[in-house]
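A.B. asks: Sequence and predicted structure below; questions after.
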Amino acid sequence: MAQATRVFFRHFSSSSSRFGNIKNVTIIGTGLMGAGIAQVAASTGHHVVMVDQTDDILSKSKANIEKSLQRVVKKKYADNPKAGETFIAEVMSRLTTKTDAAAAVKNTDLVIEAIVENLEVKKKLFSSLDKAAPKHTIFTSNTSSIPIKDIAVATQRQDRFGGLHFFNPVPVMKLLEVIRIPATSDETFNTLLAFGKAMDKSTVNCKDTPGFIVNRLLVPYMMEAVRMVERGEASPQDVDTAMKLGAGYPMGPFELTDYVGLDTCKFIIDGWHKKYPDNPLFMPSPLLDKLVSEGKLGNKTGEGFYKHKK
Ligand SMILES: CCCCCCCCCCCCC[C@H](O)CC(=O)SCCNC(=O)CCNC(=O)[C@H](O)C(C)(C)COP(=O)(O)OP(=O)(O)OC[C@H]1O[C@@H](n2cnc3c(N)ncnc32)[C@H](O)[C@@H]1OP(=O)(O)O
Ligand SMILES: NC(=O)c1ccc[n+]([C@@H]2O[C@H](COP(=O)([O-])OP(=O)(O)OC[C@H]3O[C@@H](n4cnc5c(N)ncnc54)[C@H](O)[C@@H]3O)[C@@H](O)[C@H]2O)c1
């Protein structure tokens, strides 16, 4: 067989995901991020299985996706509402739900994990998925702050492991950080970059360094904002106004913390403080801790630094 024919044959006779052609995606954890990722994956033609702990959570996540799609369609199909309705129906038909994660990954090319920001919980999940998923399946985490390699050690497929860090709200934010660990194969990394493009995101290549690119810069900025308030130097409202009107940010740091979720922010900062106890940038915030202990987790609970309509 001539060399060119051999290359062609190898390329097109392989299983679907081997050369960047991700078709079936399983998203585990369908809260704020998982639902957004599922929406965009299904909108870009992927078949998506959404996994969460209960059917009730999954129903709410699907309802949130439908609401978000209405917002997308309102603008995209302003001149043709009928086509917009068809688009929503098609996207929703590509979404299925399951509560059994091991069963959900049986026929998947890519797993994207978006569960709670806790290393032990993530490792336990991936360890069980590793036994259930086909050999070719690539595993990824959407973690904000946990080293990808610390999660990947729970599996026997570190060459098929990476990070896909999406931004909130996923349907609007254009960036996707694609993270590789030393063990990630070139083939896996290239497949993840191609998947990012297929999701219509702009990708940046990241090493497995704390906070990757965005959060390495964002977290110290946000922590200094809360310390200014704790020192009595400014109110949250004035800090937010200042950063929006003076620095051109779409949200101030306190609005953004409410939007991200105070529990997630606390997981991030506590994790980094534990790992780097001498770094003053990552010292816990008494004000953040107090609000979380009162159940004030931001937009999702109706109150955080601000009160919100639920
Ligand atoms: C201070 C305390 C410190 C505590 C400790 C901190 C620890 C560290 C925390 C770090 C957290 C990291 C988390 C994570 O890992 C990384 C992130 O994701 S960081 C978050 C990144 N996101 C942002 O920065 C968002 C900034 N905000 C915005 O861009 C905008 O405000 C907005 C959210 C897009 C909303 O825009 P607005 O103009 O305000 O409002 P609109 O309602 O008009 O929306 C504009 C436009 O967007 C469409 N849209 C909005 N949301 C959705 C959605 N969910 N689905 C679909 N479409 C949506 C909307 O329809 C509008 O569209 P248009 O009409 O313009 O076509
Ligand atoms: N909130 C953000 O702005 C943001 C942005 C980027 C990345 N992240 C990261 O994404 C991940 C999820 O964050 P989120 O804000 O979507 O959280 P969230 O609390 O909104 O959602 C988490 C979901 O995971 C589910 N879950 C928890 N354990 C599970 C398990 N073992 N199996 C199946 N489902 C499980 C929960 O029921 C919940 O629905 C975290 O790692 C976080 O750091 C968050």
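C.D. replies: Received, thanks. Ligands and ions are numbered 1, 2, ... in the order given.

A.B. asks: which residues touch the residue in the stretch 1-150 of the chain that ligand 1 sits nearest to?
C.D. replies: Here the stretch 1-150 of the chain gets closest to ligand 1 at one residue, residue 144, 3.1 Å apart by C-beta to the nearest ligand atom. Just so you know, the C-beta spots here come from the backbone N, C-alpha and C atoms, and that holds for glycine as well. By C-beta atoms under 8 Å, 6 or more residues apart in numbering, the residues touching residue 144 are 117, 165, 211, 215, 264, 268.

A.B. asks: buried residues in the longest helix seen in the chain?
C.D. replies: Counting by DSSP state H, the longest helix found in the chain is helix 55-76. Buried residues in helix 55-76, defined by neighbour count with 16 or more other C-beta atoms under 10 Å: 57, 58, 61, 62, 64, 65, 68, 69, 72, 73.

A.B. asks: sorry, back to before: show the model's pLDDT score for the residue of the stretch 1-150 of the chain closest to ligand 1.
C.D. replies: For residue 144, the pLDDT comes out at 97.

A.B. asks: And the residue of the stretch 151-300 of the chain closest to ligand 2?
C.D. replies: At 3.3 Å from ligand 2, residue 168 is the closest residue in the stretch 151-300 of the chain, using C-beta to the nearest ligand atom.

A.B. asks: Hmm, that residue is touching residue 258, no?
C.D. replies: No: under the criterion of C-beta atoms under 8 Å, residue 168 is not in contact with residue 258, lying 11.6 Å apart.

A.B. asks: what's the helix or strand for the residue of the stretch 151-300 of the chain closest to ligand 2?
C.D. replies: In the assignment (DSSP states H and E), residue 168 maps to no helix and no strand.

A.B. asks: quick one: the strands in the stretch 151-300 of the chain?
C.D. replies: For the stretch 151-300 of the chain, the strands defined by DSSP state E, counting those that start in this stretch cover 161-166, 175-180, 202-207.

A.B. asks: pLDDT below threshold where in the protein?
C.D. replies: Flagging of the chain using pLDDT under 70 yields the residue ranges 1-20.

A.B. asks: and it, which of its residues are near ligand 2?
C.D. replies: Neighbours of ligand 2 within the chain, by C-beta under 6 Å from any ligand atom: 28-34, 51-53, 57, 101, 114-117, 121, 125, 142-144, 166, 168, 260-261, 264.

A.B. asks: In strands, which of these appear?
C.D. replies: Among those, DSSP state E puts 28, 51, 166 in strands.

A.B. asks: re the thing from before, and residue 168 and residue 258? which has more neighbours close in?
C.D. replies: residue 258 (26 against 16; other C-beta atoms under 10 Å).

A.B. asks: got the contact list for stretch 179-196?
C.D. replies: Residues from elsewhere that reach stretch 179-196, judged by C-beta under 8 Å, 6+ apart: 17-22, 110, 138, 140, 148-149, 152, 158-165, 176, 178, 202-203, 205-208, 212.

A.B. asks: Might you enumerate the residues of the stretch 1-150 of the chain proximal to ligand 1?
C.D. replies: Counting by C-beta under 6 Å from any ligand atom, the residues of the stretch 1-150 of the chain close to ligand 1 are 68, 71, 72, 75, 144.

A.B. asks: Could you identify the most distant pair in these?
C.D. replies: Spatially, the most separated pair among these is 75 and 144, at 28.5 Å (C-beta to C-beta).

A.B. asks: quick one on the thing from earlier: and the buried ones among the residues of the chain next to ligand 2, selectable in PyMOL?
C.D. replies: Selection of buried members from the residues of the chain next to ligand 2 for PyMOL, criterion 16+ other C-beta under 10 Å:
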select buried, resi 28+29+30+31+32+33+34+51+52+57+101+114+115+117+125+142+143+144+166+168+260+261+264
